[in-house]
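Participant: I need the structure of the sequence given here:
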Amino acid sequence: MKLCNVCGVPAPRHCGGCGNFSYCSEKHQKSDWSEHKKVCRPFRIKHSAELGDYLVADKDLKAGDLVLYEEAAVLGPLLGPMVMQKDGNQKSLCLGCYFPAFDYQCSSCQVPLCGPACQNSSPHIQECEILKTNNLGTKIKEDPELIGIITPLRFFLLKENDFPTYNKCIKLSSNMAERRKQPNFQEYKEKARSYSELLNNMIDEELMLEILAIIDTNTFQVLAQRCAENLCGLYPRVAKINHSCIPNARLIFQKDYSLKIICTIDVKKGDPVYISYVPPFYTTLARQRILERGKQFTCSCQRCQDPIENGTFISALRCESCKEGFTVRRSDNVCACIKCGSKMDPEQFNNIDMKLFSVQTNIVQDSVDELEMVMYQYSDILHPNYALLTECRQHLAAAIGRTDGFRYDQLTPEKLQYKIKISAALMQVLDRLEPGLSKSRGITLLDLAEAQARMVAMTTKDEMKQKQQYSQILQFVEEAAEILNYEDETSIEGNVKKHALTQLQNLRY
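Facilitator: Numbers count the residues shown, from 1 in each chain. So this is what the prediction gives:
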């Protein structure tokens, strides 16, 4: 439950204008109005036949302004998640706190829990009796993939426990008409039938199908606070925010799994608020495949319509003919070199894209040697900013200085300079694809500043020069701290905020 904006106690009342702030009493709500009205109603919901419901700014918003704050309506395991342990065994998640569950199980329904403390805790308690009645604990133990039934069950139980929230969730888009055209729809339908039967038709097959589609279309990936395993969270109002591959807003997850949306750049009144449903360092074709499969729409944002993707060339292949230009895929599906005009068969271009995406999604993110090998292997045939290479740089920037064999106290000046170089290259791409207060920019700025500060300490002995150089680096750290200060430092994603503040303090003093 949200806390009162005045006194900080649990507050059942929400502001009817924006829903972002809560109050324990009418008295406190009235007393706070003189301040709250300045930020109330930052958005309004519009509707179109093509886009459905979507959010637009209802006033001029500045970077950092709060757009929306919402608690999770439904939170639970992914549809069939498994946790792989270091010993190679697979373990399910505790349904109380989402910590990996080992041998303990609920004494009532036998589903996996981490220990006795979670047996009578929310959220598990809401489904316990139903699981017991249908012997699902035993079935989940035999087939851990069946844990995927929990989240749609929790969605359905809102109907009894919180009907207004259920009504908001069930009205969200399922994109069912588009899903029925997909080749894997029968598998999707079979899962709905199976789940319905496991629950003894408490949820009929058609409703289960609708719920699964709504979950698939509208949920966000959430990190479990105790172990960083993936969960899915459904936020009915946040789900109405449209996608752009160059967003103007960002998600900030809180320790209690609530979600804040802030502007990353200034947004004019009447302009749509956009978040990105996909990572920034994917090619246009890869992003399109993900969005079409998971969200059932084809993105037509500015970046997707631009063959050079706002000057980043993140999908561009080196031309096989002239070797100097780069082959890009235009919006008319023609693939041609921007220098010599030589054309490539679109199917060949697509096949190369899919092969490289497979490499990208299977690289070992904390292996400096493997990342550098991939960079060496593919640099000659791709634009320097190509998605695979850019993501390798992102992982290298994080790994160099922190992994065994490449810790800061083990780095040569050359290796440290290499980290500075790739971090600077990352910043140039992020400035075009995620401008403003994006978390990726904040983390990259922090990596860049830390590497530069260590380089100064390693190579500059003159104290006066050191101070001058630290003064320049301080500007990067201050910007990083400003960006990351919006994170909840008590959440699992908030460690970067603590690190930024520590860096800032060290450079200032």
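
Participant: Can you pull out the low-pLDDT segments for the chain?
Facilitator: For the chain, the stretches with pLDDT under 70 are 1, 80-91, 504, 507-509.

Participant: Try it again at 50.
Facilitator: Low-confidence segments of the chain (pLDDT under 50): 81-88.

Participant: Show me it divided up by domain.
Facilitator: Here the domain parsing of the chain from automatic domain parsing is 1-41, 43-71+241-260+268-276, 74-234, 284-358, 400-508.

Participant: now these as CSV including mean neighbour count and distance to residue 381?
Facilitator: To be clear about C-beta, it is placed using only N, CA and C from the backbone, and glycine gets the same treatment. Shown next, in CSV, are those (neighbours: other C-beta atoms under 10 Å; distance: least, C-beta to C-beta, whole Å):
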stretch, mean neighbour count, distance to residue 381
domain 1-41, 15, 48
domain 43-71+241-260+268-276, 18, 24
domain 74-234, 18, 32
domain 284-358, 17, 5
domain 400-508, 17, 18
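
Participant: Nearest to residue 379, out of these?
Facilitator: Among these, the nearest to residue 379 by C-beta to C-beta is domain 284-358 (9.2 Å).

Participant: Distance from the chain centre to that closest one, please.
Facilitator: Distance of domain 284-358 from its chain centroid, counting by C-alpha atoms, centre = their mean, to the nearest Å, is 24 Å.

Participant: so how far is residue 491 from the most centrally placed residue in the chain?
Facilitator: Among the residues of the chain, the one closest to the centroid is residue 221, at 6.2 Å (C-alpha atoms, centre = their mean). As judged by C-beta to C-beta, to the nearest Å, residue 221 and residue 491 stand 14 Å apart.

Participant: circling back to that earlier point, for the residue nearest to the centre of the chain, list each beta-bridge partner.
Facilitator: Beta-bridge pairing of residue 221 under DSSP bridges involves residue 232.

Participant: Show the contacting residues for it.
Facilitator: Counting by C-beta atoms under 8 Å, 6 or more residues apart in numbering, residue 221 makes contact with 230-232.

Participant: now residue 222
Facilitator: Residues in contact with residue 222 (C-beta under 8 Å, 6+ apart) are 72, 75, 230-233, 253, 257.

Participant: Could you identify the most distant pair in the residues you listed?
Facilitator: Farthest pair in the contacts of residue 222 (C-beta to C-beta) is 72 and 230. Separation: 14.1 Å.

Participant: how much space between residue 413 and residue 426?
Facilitator: The gap separating residue 413 from residue 426 is 20 Å, by C-beta to C-beta.

Participant: Residue 438 now?
Facilitator: Distance of residue 438 to residue 426, given as C-beta to C-beta: 12 Å.

Participant: ok, now residue 233?
Facilitator: Distance from residue 233 to residue 426, by C-beta to C-beta: 28 Å.

Participant: What of residue 35?
Facilitator: As judged by C-beta to C-beta, residue 35 and residue 426 stand 39 Å apart.

Participant: Look at residue 46 and give its secondary structure.
Facilitator: Of the three states, residue 46 takes strand under DSSP: H, G, I helix; E, B strand; the rest coil.

Participant: typo on my end, it should be residue 56
Facilitator: Using three-state DSSP, the structure places residue 56 in strand.

Participant: isn't it right next to residue 44, touching?
Facilitator: Yes: assessed by C-beta atoms under 8 Å, residue 56 is found in contact with residue 44 at 6.1 Å.

Participant: contacting residues for residue 73?
Facilitator: Residue 73 makes contacts with 158, 162, 165, 168-169, 234-236, as judged by C-beta under 8 Å, 6+ apart.

Participant: same question, residue 400
Facilitator: Contact analysis of residue 400 by C-beta under 8 Å, 6+ apart lists 368, 406, 411, 415, 418-419, 451.

Participant: okay, how far is it across stretch 52-62, tip to tip?
Facilitator: From its first residue to its last, stretch 52-62 covers 26 Å (C-alpha to C-alpha, to the nearest Å).

Participant: so how far is it off the chain centroid?
Facilitator: Distance, stretch centre to chain centre, for stretch 52-62: 21 Å (C-alpha atoms, centre = their mean).

Participant: Give me the contact list for it.
Facilitator: Residues outside stretch 52-62 that contact it (C-beta under 8 Å, 6+ apart): 41-48, 67-68, 173, 240-242, 263, 266-273.

Participant: which residues in the stretch 251-400 of the chain form strands?
Facilitator: Applying DSSP state E, counting those that start in this stretch to the stretch 251-400 of the chain gives strands spanning 259-263, 274-275, 317-318, 326-329, 335-337, 343-344.

Participant: Mind putting these into TSV with distance to residue 215?
Facilitator: Below are the strands of the stretch 251-400 of the chain laid out as TSV (distance: least, C-beta to C-beta, whole Å):
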stretch	distance to residue 215
strand 259-263	16
strand 274-275	18
strand 317-318	37
strand 326-329	32
strand 335-337	36
strand 343-344	39
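
Participant: Just the CA trace of stretch 259-275, in CSV.
Facilitator: The C-alpha trace of stretch 259-275 is given here as CSV (Å, rounded to 0.1, in the frame of the first residue of the first chain):
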residue,chain,number,x,y,z
LEU,A,259,6.7,1.4,-10.6
LYS,A,260,7.5,5.0,-11.4
ILE,A,261,7.6,6.6,-14.8
ILE,A,262,9.7,9.8,-15.2
CYS,A,263,10.4,11.9,-18.2
THR,A,264,14.0,11.5,-19.5
ILE,A,265,13.7,14.6,-21.7
ASP,A,266,11.3,17.6,-21.8
VAL,A,267,7.9,16.6,-23.2
LYS,A,268,5.5,19.2,-24.6
LYS,A,269,1.8,19.3,-23.7
GLY,A,270,-0.1,17.1,-26.0
ASP,A,271,2.9,15.0,-27.0
PRO,A,272,2.7,11.2,-26.4
VAL,A,273,4.7,9.7,-23.5
TYR,A,274,6.9,6.9,-24.8
ILE,A,275,8.8,4.1,-23.1
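
Participant: can you list contacts of stretch 345-358?
Facilitator: By C-beta under 8 Å, 6+ apart, the residues outside stretch 345-358 that reach it are 282-283, 285-286, 315, 317, 327, 329, 333-335, 378, 382, 386-388.
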